[in-house]
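# Here is my input; please provide its structure:
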Amino acid sequence: MGNTLYLECYNGISGDMTVAALIDLGADKEVLSEALKSLNVDGFDTRISRVKKSGIDACDFEVLLDDDNHDHDMEYLYGGMSGFLDEAAHSHGHHEHSHHEHGCGHHDHHHDHSHEHSHPHRGLKEIEDIISSGKLSDRARNLALKIFGIIAEAESRAHGIDIDHVHFHEVGAVDSIVDVVAAAVCMDNLDIDEVIVPELYEGTGHVRCRHGFMPVPVPAVVNIASQAGIRLHITDRAGELVTPTGAAIVAAVMTKDELPDSFKIKKIGIGAGKRDYKVPPLLRAMLIE
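Okay, the predicted model is just below:
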């Protein structure tokens with residue numbers, strides 16, 4: 001018998017929050033590092049650290065990209081609030097970064113810099129090949145493939161195109177691949193075989209992508225929730241609390257949506273998100289029995 005995991009998503013969920021929470025629960029950092037190094041993809045590094053959100057100590061997992069080592073998840077934090085949008089864009093010195101973590105046009109990644117970048121795109125098959133290239137356990141590999149398949153299916157429905165025609169921009173896809181593989185490796189390492197997720201708390205408003213604004217929840221998240229039967233709890237918080245990667249991880253691993261009447265908590269892990277919302281982005285993961 002494996003372990004039972006309860007994901008408390010009152011403040012949303014994203015790929016990096018999930019990985020951080022699982023590391024905080026005790027997933028082996030060396031096993032994770034070796035798995036990520038074995039992937040046939042370069043241009044990234046990872047950093048695991050401790051941060052405080054509203055005074056709460058949490059684990060932070062960050063994917064550092066070689067192109068400019070900035071965090072894509074920090075762009076356009078506050079849906080429908082142009083002052084914050086403009087401030088966020090100005091403070092980062094660039095505009096309109098998009099990939100699937102924003103749920104909008106992940107295949108477009110535009111730098112408003114004085115120099116130009118030229119990056120090829122990857123389809124689902126190429127990403128599956130990258131995941132399959134890694135030295136992962138069969139369970140971790142299959143879970144990572146399942147998560148990315150869910151993302152691609154949701155995006156194909158959102159854009160009205162065949163799943164084989166869904167393309168992920170090279171740079172935007174790298175941190176997504178790392179988050180997905182890392183989550184799968186950590187789940188396997190912790191020997192999780194049952195996952196309880198009662199509901200996902202989501203915000204309101206809009207998020208910006210290259211082609212304009214999209215409503216929150218973004219189309220990919222709505223499609224994943226619909227397909228997997230995930231309960232959404234819409235709050236009055238302005239912003240995107242649930243990313244497509246976070247929703248896809250839940251869809252891939254959730255076995256129950258109701259907690260038992262009583263349970264013991266064996267261990268608690270807290271993963272921090274990057275966004276600076278009024279209510280801090282923290283994912284609490286608990287091993288229960």
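# Run through the stretch 151-289 of the chain and note the low-pLDDT ranges.
Scanning the stretch 151-289 of the chain for pLDDT under 70 picks out 169-172, 210-211.
# rerun that using 90 as the cut-off
For the stretch 151-289 of the chain, applying pLDDT under 90 flags the ranges 155, 158-159, 161, 163-173, 175, 207-213, 275-278.
# Check the stretch 1-150 of the chain too.
In the stretch 1-150 of the chain (pLDDT under 90), the answer is 1, 42, 66-123.
# just the helices in it please.
All helices of the stretch 1-150 of the chain, identified by DSSP state H, counting those that start in this stretch, fall at 15-25, 29-37, 82-92, 124-133, 138-159.
# Identify all contacting residues around stretch 147-166.
Under the criterion C-beta atoms under 8 Å, 6 or more residues apart in numbering, residues 100, 106-107, 123-125, 127-128, 131, 176-177, 180, 183-184, 219-221, 223-224, 227-228, 244-245, 247-249, 251-252 lie in contact with stretch 147-166. In this view, the C-beta of every residue, glycine as well, is placed from N, C-alpha and C.
# Of the helices of the stretch 1-150 of the chain, which is nearest I268?
Shortest distance between I268 and the helices of the stretch 1-150 of the chain, using C-beta to C-beta, is found for helix 15-25: 7.5 Å.
# now the closest one against helix 138-159, angle please.
Put simply, helix 15-25 runs at 160 degrees to helix 138-159, going by axes from the mean of the first three to the mean of the last three C-alpha atoms, to 10 degrees.
# Can you list the helices and strands that helix 15-25 packs against?
Contact partners of helix 15-25 among helices and strands, from 3 or more C-beta pairs under 8 Å, 6 or more residues apart in numbering; DSSP states H and E: strand 56-65, helix 170-189, helix 244-253, strand 265-272, strand 282-288.
# still on that earlier bit, quick check on the contacts of stretch 147-166: which are buried?
100, 106-107, 123-124, 127-128, 131, 176-177, 180, 183-184, 219-221, 223-224, 228, 244-245, 247-249, 251-252 (16 or more other C-beta atoms under 10 Å).
# Including distance to I288, could the helices of the stretch 1-150 of the chain go into CSV?
What follows is these, written out as CSV (distance: least, C-beta to C-beta, whole Å):
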stretch, distance to I288
helix 15-25, 11
helix 29-37, 23
helix 82-92, 37
helix 124-133, 29
helix 138-159, 20
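# Need the winner for burial among those.
helix 15-25 (a mean of 29; mean count of other C-beta atoms under 10 Å).
# How far off centre is it?
The chain centroid and the centroid of helix 15-25 are separated by 10 Å under C-alpha atoms, centre = their mean, to the nearest Å.
# As CSV, could you dump the C-alpha coordinates of that helix?
Presented in CSV, the C-alpha positions along helix 15-25 are these (Å, rounded to 0.1, in the frame of the first residue of the first chain):
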residue,chain,number,x,y,z
GLY,A,15,3.1,23.2,-11.5
ASP,A,16,5.9,24.8,-9.4
MET,A,17,3.6,25.0,-6.3
THR,A,18,2.9,21.3,-6.6
VAL,A,19,6.6,20.3,-7.0
ALA,A,20,7.6,22.5,-4.1
ALA,A,21,4.9,21.0,-1.8
LEU,A,22,6.0,17.5,-2.7
ILE,A,23,9.6,18.3,-2.0
ASP,A,24,8.6,19.8,1.3
LEU,A,25,6.8,16.5,2.0
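# tilt between it and helix 170-189?
Using the same axes, to 10 degrees: helix 15-25 against helix 170-189 is 30 degrees.
# CA atoms of stretch 202-217 as CSV?
Extracted in CSV, the C-alpha atoms of stretch 202-217 (Å, rounded to 0.1, in the frame of the first residue of the first chain):
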residue,chain,number,x,y,z
GLU,A,202,-9.9,29.9,-8.6
GLY,A,203,-9.9,33.7,-9.1
THR,A,204,-11.8,36.0,-11.5
GLY,A,205,-11.0,38.7,-14.0
HIS,A,206,-8.7,38.3,-17.0
VAL,A,207,-5.1,37.4,-17.8
ARG,A,208,-3.2,38.9,-20.6
CYS,A,209,-1.6,37.0,-23.5
ARG,A,210,0.0,38.1,-26.7
HIS,A,211,-3.3,38.2,-28.5
GLY,A,212,-5.3,40.0,-25.9
PHE,A,213,-7.1,39.1,-22.6
MET,A,214,-8.6,35.8,-21.6
PRO,A,215,-11.1,35.2,-18.9
VAL,A,216,-10.3,33.5,-15.6
PRO,A,217,-10.6,30.5,-15.4
